[in-house]
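S.K.: Got a predicted model here, sequence first, then my questions.
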2 protein chains.
Amino acid sequence: MSKELEQLKEILGEISDINNASAVLGWDQQTYMPPMGAEARGQAQGTLDKLAHEKFTSAEVGKLLDALEKQVGDWDPDSDEARLVTVTRRHFDKDTKVPSKMVSERAELTTMGNQAWQEARMKSEFPIFEPHLEKLVDWARRFAELYAPYDHVYDPMLDIYEPGMKAADVKSIFDDIRPKQVDLIKRISEAQQVDDSVLHQPFDEKGQWDFGVGVVTDFGYDWKQGRLDKTTHPFQTTLGWGDHRITTRVYPDFFNPYFFGTLHEAGHAMHAQGVAESLKRTPLYNSPSLAIGESQSRMWENLVGRSKPFWEHYFPKLQKVFPDQLKGVDVDTFYKAINKVAPSYIRVEADEATYNLHIMLRMELEMAIMEGEAEVKKLPMYWSDLFTKYLGVTPPNDKEGVLQDVHWSFGLMGYFSTYALGNLVSAQLWEVIGRDIPDIEGKIRSAEFAPLLQWLNKHVHAPGAKFEPQEMVQRITGSKINGDAYIRYLEKKFTDIYGL
Amino acid sequence: MSKELEQLKEILGEISDINNASAVLGWDQQTYMPPMGAEARGQAQGTLDKLAHEKFTSAEVGKLLDALEKQVGDWDPDSDEARLVTVTRRHFDKDTKVPSKMVSERAELTTMGNQAWQEARMKSEFPIFEPHLEKLVDWARRFAELYAPYDHVYDPMLDIYEPGMKAADVKSIFDDIRPKQVDLIKRISEAQQVDDSVLHQPFDEKGQWDFGVGVVTDFGYDWKQGRLDKTTHPFQTTLGWGDHRITTRVYPDFFNPYFFGTLHEAGHAMHAQGVAESLKRTPLYNSPSLAIGESQSRMWENLVGRSKPFWEHYFPKLQKVFPDQLKGVDVDTFYKAINKVAPSYIRVEADEATYNLHIMLRMELEMAIMEGEAEVKKLPMYWSDLFTKYLGVTPPNDKEGVLQDVHWSFGLMGYFSTYALGNLVSAQLWEVIGRDIPDIEGKIRSAEFAPLLQWLNKHVHAPGAKFEPQEMVQRITGSKINGDAYIRYLEKKFTDIYGL
């Protein structure tokens, strides 16, 4: 290892330590922090973020990167070392471009924006949030200008979450699948509807908890390097090598939120637990992108956890946990219930067939606003129109419409699309898995998940953030990210369930 | 506020943020961290400590202190600002004196020393720990030399925990009380012995937990800025302004450890919760010393929690929680049981009458070793001899003797004495409280703790670390730290219980 590489790794290691500390603070804040701890926590968090930023954007890191770029030509381009230089340079150029004044301005805008959003959402009044969103959009536009020239003003924001992807790429993927999903939903709506009342019964917390814990243990979530706690909103967080925690919530009279939420977060955590140890304390100890991350959570939640073979194994076990609630119910009825398709107003409650449409609507509006084609103050109207067009129903108010998600209040424009891309990637990977692992359905039917997890570990998890998302998907599947596999998956699954 | 003071407070604020983050990491490590998280946690902790140390010992802090010392003559010497300069200078001079090489050397010695101690203790074999303790003592001697000239080689270590106190001060206090405590114990041993079998029964965890929580809530521990969790060893920790947590442990068949341990840690936490908000994010947001801190924990644990009036109120309540275990037991029997005096080998299990002797023995040995008067390898022998002399019984092995405490393995020489000093201070304060608060016993008998907590808030807690321990005790009680009040307290209490 060259002297410069050693020095760079030393600095990146310390930054990674600070970021890990920051993650511990964040986890504690969501789980166990007493209410009056918030003020000091905010200050500690701010100081750690500032220290990490200062350390990373220092002239020293710049000089080391310059020196290393002269050496890297002699290295294996796929080696950890070569990729570390490339990825660090990417982050360095991005982070040094934003003046510190704009960084602190953003912190202020999001603090106030989030407060206003909370009030607006509670009262279901968009105008309370509107002036703040105007400022956040203005900030995002100025942020984009730092990266001019660009193909589209939306690109620099998107690039934070999906390195290397352009708005045009995503738009062309979405334009391809949108009519196919709209058509599928229409056909489903004309078929015999599914009754999911079996899911809406009282289920005691301990029963739910232990059943979910049992399933993610079977999946291979490693409790020696993780734990499960309760929070308002479920999440997964990495607090350092060997510490990948998940959180969840329990509804006392609805089966889905705890169970599928826990599977989802465990999917993220198994991804994090599978990144090669050799990458720890570097920026490569991460996911290539949010979409690749989401492909893992959605795979365990949906392709595994909402599949027929899965429930052929687990439904009899669930019946033992809830004998009164599930007496006389057969696995087919239960399987259909958890896969019921119905247009709903709220994204996080959407089924597999409608989910992506919620995302496309958001991306269309984000792009139009960033372009200046649409006015922020008219967002509720645009939302209503598009929603009705795609999903055939009209949200009754702002709370169940334009105000439902927290993301924009934190200035996270461009983030949503990664959720839909994650669905697509999960299906693309699943087709390769179907070829690589003999009888994957039979394995799921006997709760034998090790071959699947090992496959994911090797192909998706171990490389960490060495590859950009498109490169990773291309290497594994032979194609770039596209919607073909997901559409095939939806058609097959719902043709069967709805007898289309 | 002068420009320099503002700049200094800005830097101290950031250091305090880093230390708070470090405290969150420490709390999580003891409570909820999964086993494999230890490695990354150690690195994050090390990096934060290094950052805080670098920031504090920077030339900039030195210059600001120099400038401020020219201004401070015009300020009220008791003001927060004047005290902040004094205390910061004290810490700065101490911290800049130790070469960073010695700091990292110590980290290595304590890591290895603690590992060896754990093995030695498990096997009850002192020789496993001995070579490590030799090195730690050698380090402590070299540390002392950095502060030469000193009155006694023990002083620089002691000064870390009890600012301004000398070995000679502590020795003279201990020499005064030792024969009095030895004599008291002898008289007790000749009296009718107390039966404490009532405490050794199965007590279910939830019953114990809720009862203890109820009592510390009555005390005035503020749950909005705290919480209670389980750990192997109970402790209190401050994670920032408004966040003062405690931990405890529950024994299924012994009443004392959970109940009195929780009262003890709540005493520390109420101290921390009472420090003036104006001192937050400065080095003054702290206790003056470990002994002052211990005076608070011991006061709530013993002077309140092991008193007759306390149990006149709470015993009937405890009987309702454990009706089978406490049927037919009267409050007097219970009161005597929790105050049973009997020489025991283990310090943390010692009663109020014998506890200080455990400490004096340790301090005598520490001083002799630091002086080079005693050989480390002969410690088990010295321990046995002194223990037999003071307590009349001889430990059967190293595990229940010289190897019982973790402190030396972390290089904490000089730390133990603060425990005994805390006992003495608690009694000194208690005599003043008895004069200032009319009928304090009656108030305790009716569980009316607000007047006591308010008194402590005003006199002991609010000033934070503005005063050195001797100055604080002098200001409140009119005398420096001494053993008179504690001996009076012991004599009165145990004369009554044992009919001496």
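M.R.: Arrived safely, thanks for sending.
S.K.: any residues touching the strand or helix carrying residue A:189, and which ones?
M.R.: If you go by DSSP states H and E, residue A:189 is part of helix A:167-190. For helix A:167-190, contacts defined as Cβ atoms under 8 Å, 6 or more residues apart in numbering or on different chains pick out A:151-152, A:154-155, A:158, A:162, A:341, A:343, A:353-354, A:356-357, A:359-360, A:363, A:367, A:390-392, A:417, A:420-421, A:424, A:470, A:480-483, A:486-487, A:490-491, A:494, A:498, A:500. For every residue, glycine as well, the C-beta is placed using N, CA and C.
S.K.: how about the helices in the stretch 351-500 of chain A?
M.R.: Counting by DSSP state H, counting those that start in this stretch, one finds helices in the stretch 351-500 of chain A at the ranges A:355-371, A:379-391, A:417-436, A:440-445, A:450-456, A:469-477, A:484-498.
S.K.: Name the residues that touch the shortest one?
M.R.: By that I understand helix A:440-445. Residues contacting helix A:440-445 (Cβ under 8 Å, 6+ apart): A:304, A:307, A:309-310, A:312-313, A:433-434, A:437, A:449, A:451-452.
S.K.: give me the number of residues near the closest residue to chain B within the stretch 201-350 of chain A?
M.R.: When distances are taken as Cβ to the nearest Cβ, the stretch 201-350 of chain A reaches nearest to chain B at residue A:240, 2.6 Å away. Neighbour count for residue A:240, taken as other Cβ atoms under 10 Å in any protein chain shown: 28.
S.K.: re the thing from before, and the contacts of helix A:167-190, which are buried?
M.R.: The neighbour-count test (16 or more other Cβ atoms under 10 Å in any protein chain shown) marks A:154-155, A:158, A:162, A:341, A:343, A:353-354, A:356-357, A:359-360, A:363, A:367, A:390-391, A:417, A:420-421, A:424, A:470, A:481-483, A:486-487, A:490-491, A:494, A:498 as buried among the contacts of helix A:167-190.
S.K.: near chain B, from those?
M.R.: The subset of those within reach of chain B, by Cβ under 8 Å from any Cβ of the partner chain, is empty.
S.K.: what's the following helix or strand after the helix holding residue A:189?
M.R.: Heading C-terminal from helix A:167-190, the first helix or strand you meet, by DSSP H and E, is helix A:205-219.
S.K.: Quick one: mean pLDDT over that following helix.
M.R.: Regarding helix A:205-219, the rounded mean pLDDT is 98.
S.K.: same question, stretch A:450-464
M.R.: Mean pLDDT, stretch A:450-464: 98.
S.K.: Kindly format the C-alpha coordinates of stretch A:378-385 as CSV.
M.R.: C-alpha atoms of stretch A:378-385 as CSV (Å, rounded to 0.1, in the frame of the first residue of the first chain):
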residue,chain,number,x,y,z
LYS,A,378,-50.5,24.7,-7.2
LEU,A,379,-49.1,21.4,-6.1
PRO,A,380,-52.2,20.1,-4.4
MET,A,381,-54.1,20.6,-7.7
TYR,A,382,-51.5,18.9,-9.8
TRP,A,383,-51.4,16.1,-7.2
SER,A,384,-55.1,15.5,-7.4
ASP,A,385,-55.2,15.5,-11.2
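S.K.: buried ones in that stretch?
M.R.: Buried residues in stretch A:378-385, counting neighbours by 16+ other Cβ under 10 Å, are found at A:379-380, A:382-384.
S.K.: That'll do, ta.
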